[in-house]
Structure formats: structure tokens, C-alpha cells
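Trainee: Quick check, what structure comes out for this input:
(one chain, ligands or ions: 2)
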Amino acid sequence: MTFSLSDGFDSLEDFLDARAPNEPEFHQAVSEVIDDIKPIMDANSDFKSANIFERLVEPERTVSFRITWLNDKNEIEVNRGYRVQFNGAIGPYKGGQRFHPSVNPSVLKFLGFEQTFKNALTGLPMGGAKGGSDFDPSGRSDQEIMRFCNAYMQQLHHYIGPDIDIPAGDINVGAREIGYLFGAYRRITNRFQGVLTGKGLSFGGSEMRTEATGFGVMYFLAEMMKTHDDTLEGKSVVISGSGNVATHAAEKAIAMGAKVLTLSDSSGFIHDPDGLDQEKIEWVRAHKAKSGTTLAAYSEKFGGDWTKGKGPWGVQADIAAPCATQNELDEDSAKTLLDNGVLAVIEGANMPSTAAAKSLFRSADILFAPGKAANAGGVAVSGLEISQNRTRRPSDAEDVDKDLQEIMSKIHAACVEDGTRDGRIDYAKGANIAGFRKVADAMLSQGVG
Ligand code: NDP
Ligand code: 2IT
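Mentor: Ligands and ions are numbered 1, 2, ... in the order given. Modelled structure (predicted):
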């Protein structure tokens, strides 16, 4: 592909190497959209003359800060915190925060870039952002988590606000952390504001936010299956991860009549040939909530096999749902899934398939849903939480669930509209084009200055 950017780079790689060196995850996320949106840019001279692409791949603002905090031994520890405010064209910046040793500018830029498209797909007015810290919460006491959250917010509060940027959770940032972060924000600023989403129900949280991402994944999958006159009833499912997204995806898949065979964590995976049920899922949640635990104990309690150091992709199933982390499903795993006759692959995590795996899925005769469409239910309900905070009027669970289903169905329809080619739906293409159009139009209308 020839590439013409203002500085005359010949290829996307040259451009990204110059503008964002040593950021492999970010390069991967940008490369995954360029082929789909380039024809739209080329066909629209306004997008070209406004240099939309070059602007779209540069975060509007990135802040990085030092976090100093006291551990239980009264030692001072130092971590790095970040907020990447990627694109605010369609609304205040919005996106999660991740606490994990792998957090670095490349990871947060890829996540913020994806979030920009994802938030546009929800139809709600939210720009894209991501943040977090290289802090590793594994093995930390509750008091250490609280002190870390206090120190992190001591810095972050300068850059966020209900009309500026509204962070939420992501890997290792759940209800407990959001509670501590909200408390810290309120004490520092003396403001009770909807400045974070995923809050507890007693202080402005929305019903269904906890469930929303995983449930939304299965609502999206059900829509995809419908295009093949099929349902989840009787289907077998392999799921990776055992956190918020994975356990709620499992719960909803079971409710829709499927049999969930696996879950995983960073140490390995469990295979339960009898299938998970609500009791087993609740045990997993309680067990994993204890700091530093692995799923190995599952097979001692419920039977099945524990396999160390591997993902679950070798287990034969109709559906695969990677719900743990980026690049957890590689080319060999993709080949194994396809050889084993997988019907659908739905990404619950952000960018869980490597570039090679994704390209195999996109060209195979299966249903494939990219994370930016399939996991948008979480941020969509975050958007509903923002509305509830604005009007100071909470919604009940049934209404939020109905809204979530409607939003997932609309995202599916947008993917079909922009992604259908030769009678086949390329959901990745559809999601990239629909997300891009909305953000690019807004950028164009607002000019530069
Ligand atoms: P959680 O922290 O609740 O769970 C993360 C899970 O992934 C854990 O089981 C964890 O295992 C596993 N995991 C983390 N890192 C790795 C790794 N390097 N290799 C293998 N497994 C790993 O996070 P969420 O469920 O919230 O997030 C999961 C994914 O979904 C992420 O990609 C996130 O960005 C995405 N997402 C989350 C949304 C949300 O609303 N929470 C919304 C949309 C997307 P262990 O316990 O061993 O660390
Ligand atoms: O990746 C994601 O969409 C999230 N972690 C949720 C973001 C949010 O603001 O709810």
C-alpha cells in the first residue's frame, strides 16, 4: 500500500516507527484499522486535506506521573501512573484504568486508540482514553491497595472531571479499587461528582455495570448467530480469563443454553467437561478475589483438568471467547481452533488475538467479532451511569439490561452495514469504518486551532 502523509512516509510502518518508536502494541492496533479506513479516507478529500489519519493516531494529551506510597512494612514504593486522553472529538474522554506490571505507554496507547472507536460505536457521547499504572496488586494487602489508590488519585485528580475525563476499571481495577479511588477524589477535591464509573450502587454506580461487558459479549454473539439462523443453545464454549469479563460472559452463555468448558488465568487453564454452572462461577469469583490465587484449586474442588502455562485453545468447542488480555491467542492457537471446527470467535478482551491469528479468523468461513465491537457493553453502561449521575436519578437493572441489549444490537447492525462484502459480514471492517466515520466527521466539523 502506498501511503502519503504530510512528511512523505512511504508506508505505515515507516510512519509509526518515526512517530511512535518501540510501541509494538500500538502499531498493531493502528495496523488493524488502516486497511479498512484507508479507502474511506481516499474517497473523501476533506478527510485527506484535514490530515485526519495523522491526527487520529496521535493522542491529544498524555500525562505520566510518579506515585509514591507506603507498603505494609512502612517502606516507600515508587510506581508510574498514566492517563492517555486519546481523542475527545465526540465527548469527554472515557476509558478504563489498568493496574498491571505490563502497563506502559504502548499498551495504553493501543487501548486508548481502540477505545476511541469503541466508544463511538456505542452511540453515546464519549471520547477515548485509557490509563493505569505498572503497579502489581498481586499479593498486596487490602490496606496496601487503598494506600496505592489514594496516592494514585493524589496525582490523577488534576486531569479528570465529569466534563473532562471519566475513568473506569480494567484489569485489576474493579469495584474495590473504584471505591477507594472515588473516596480519594472526594476527599481531595471536596466534590461529589460522577468522575468515575463502575462505582458502588450506594454512591452513584449503575445497576448492571459489573455484568455489562461479559453480558454484552454474549448479546453480540447471539446477534451474530442469528445471521446464521442459529443460537447458543447446546453450543460448547471455551473462555479464557477468570475475571470480570470472563465470568460474566460465562454466566450469560450458560443462561443462553451453552456449555462453558474452560476458564483460565495467567498461570494456566481449567477444563471442566461437565461444564460450569452458577455455583462454580461464584466459587471462581470468590477464589480469584483473594490476592495472588490461581485456578489450580478448581480441579481439586470440582474435578476436571488443570493445565499449567497454557491457554484453553486446544479444547474442541463451537465457540471461543478470549476474555483475558492482549495477544493471548496466537497464530498456532487460531489454526487449532479452526482445525477443530470453531463456528465463532468473539473477543471479550481488548486485542486478544495476535495480528496473524486475527487475519486467519477474518479470512476463514466463521463468525469473528473484534473486541472494539463485542466488548463495548461495559463502556456503554458506563455511559448510562454518567447519564444517571447527571440527572441524579438511578435506573433499575431491568431497564439498564434492556438498554444494553439494544446498544449491542445497534453495534451489530452498524458492523453489518459497513462490513458486508460479497454476502459475508466482516465485523472487524464494519466496526473500524463505523467508528472511524463518526470520530472523523466530528474532528472535521471542529476544525483545527
Ligand atoms: P480482570 O482483572 O477482572 O481479569 C483479568 C483476567 O485475565 C484474570 O483472569 C487474569 O489472570 C487474566 N490475565 C491477566 N493478564 C494475563 C496474562 N498476561 N496472561 C493470561 N491471563 C491474564 O480484568 P477484566 O476481566 O476486566 O478484563 C479482561 C479483558 O477485558 C482486558 O483485555 C480488558 O481490557 C477487557 N475489557 C474489560 C472491560 C471491563 O468492563 N472490565 C470492558 C471491555 C474490555 P490473573 O488473575 O492470573 O492475573
Ligand atoms: O476497555 C474498556 O472498554 C473498559 N475497560 C471499560 C471502560 C469504561 O470506561 O467503562
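Trainee: mind checking how far the closest residue to ligand 1 within the chain is from residue 266?
Mentor: In the chain, the residue found nearest to ligand 1 is residue 243; the distance is 1.9 Å by Cβ to the nearest ligand atom. Every C-beta, even on glycine, is put in place using the N, C-alpha and C of the backbone. Applying Cβ to Cβ, to the nearest Å, one obtains 10 Å for the distance of residue 243 from residue 266.
Trainee: Name the residues linked to residue 268 by a beta bridge.
Mentor: Applying DSSP bridges to residue 268 yields these beta-bridge partners: residue 265, residue 308.
Trainee: How many neighbouring residues does it have?
Mentor: Counted with other Cβ atoms under 10 Å, the neighbours of residue 268 add up to 17.
Trainee: what does residue 419 give?
Mentor: Using other Cβ under 10 Å as the criterion, residue 419 is surrounded by 20 other residues.
Trainee: what's near enough to touch it?
Mentor: Counting by Cβ atoms under 8 Å, 6 or more residues apart in numbering, residue 419 makes contact with 425-431, 433.
Trainee: and which of those residues is nearest residue 45?
Mentor: Sorting those by how near they are to residue 45, with Cβ to Cβ, puts residue 433 at the top with 17.7 Å.
Trainee: And the pLDDT for the closest one?
Mentor: At residue 433, the predicted lDDT confidence score is 98.
Trainee: On the three-state scheme, it is what?
Mentor: Assigned with DSSP: H, G, I helix; E, B strand; the rest coil, residue 433 falls in the helix class.
Trainee: Check the spacing between it and residue 113 real quick.
Mentor: As it turns out, when the distance is counted by Cβ to Cβ, residue 433 lies 15 Å from residue 113.
Trainee: which of the two has more neighbours?
Mentor: More crowded of residue 433 and residue 113, by other Cβ under 10 Å: residue 113, with 26 against 22.
Trainee: That one belongs to a helix, doesn't it?
Mentor: Yes - checked against three-state DSSP, residue 113 lies within a helix.
Trainee: give me every residue that touches the residue nearest to it when sequence neighbours are not counted.
Mentor: Using Cβ to Cβ, 6 or more residues apart in numbering and skipping residues adjacent in sequence, the residue nearest residue 113 is residue 29, 5.0 Å away. By Cβ under 8 Å, 6+ apart, residue 29 lies in contact with 109-110, 113-114, 351.
Trainee: again, but for residue 154
Mentor: Shown in contact with residue 154 (Cβ under 8 Å, 6+ apart): 67, 184, 188.
Trainee: for the residue of the stretch 301-449 of the chain found nearest ligand 2, what are its contacts?
Mentor: Nearest residue of the stretch 301-449 of the chain to ligand 2: residue 382, at 3.3 Å (Cβ to the nearest ligand atom). For residue 382, the residues meeting the contact criterion (Cβ under 8 Å, 6+ apart) are 94, 126, 166, 168, 197-198, 206, 209, 212.
Trainee: and if you look at residue 276?
Mentor: Shown here is residue 276, whose contacts under the criterion Cβ under 8 Å, 6+ apart are 250, 254, 260-261, 263, 284.
Trainee: On the three-state scheme, it is what?
Mentor: In terms of secondary structure, residue 276 is coil; the call rests on three-state DSSP.
Trainee: on that earlier part again, and which of the contacts of residue 29 is nearest to residue 400?
Mentor: Ranked by distance to residue 400 (Cβ to Cβ), the contacts of residue 29 are led by residue 114 at 23.7 Å.
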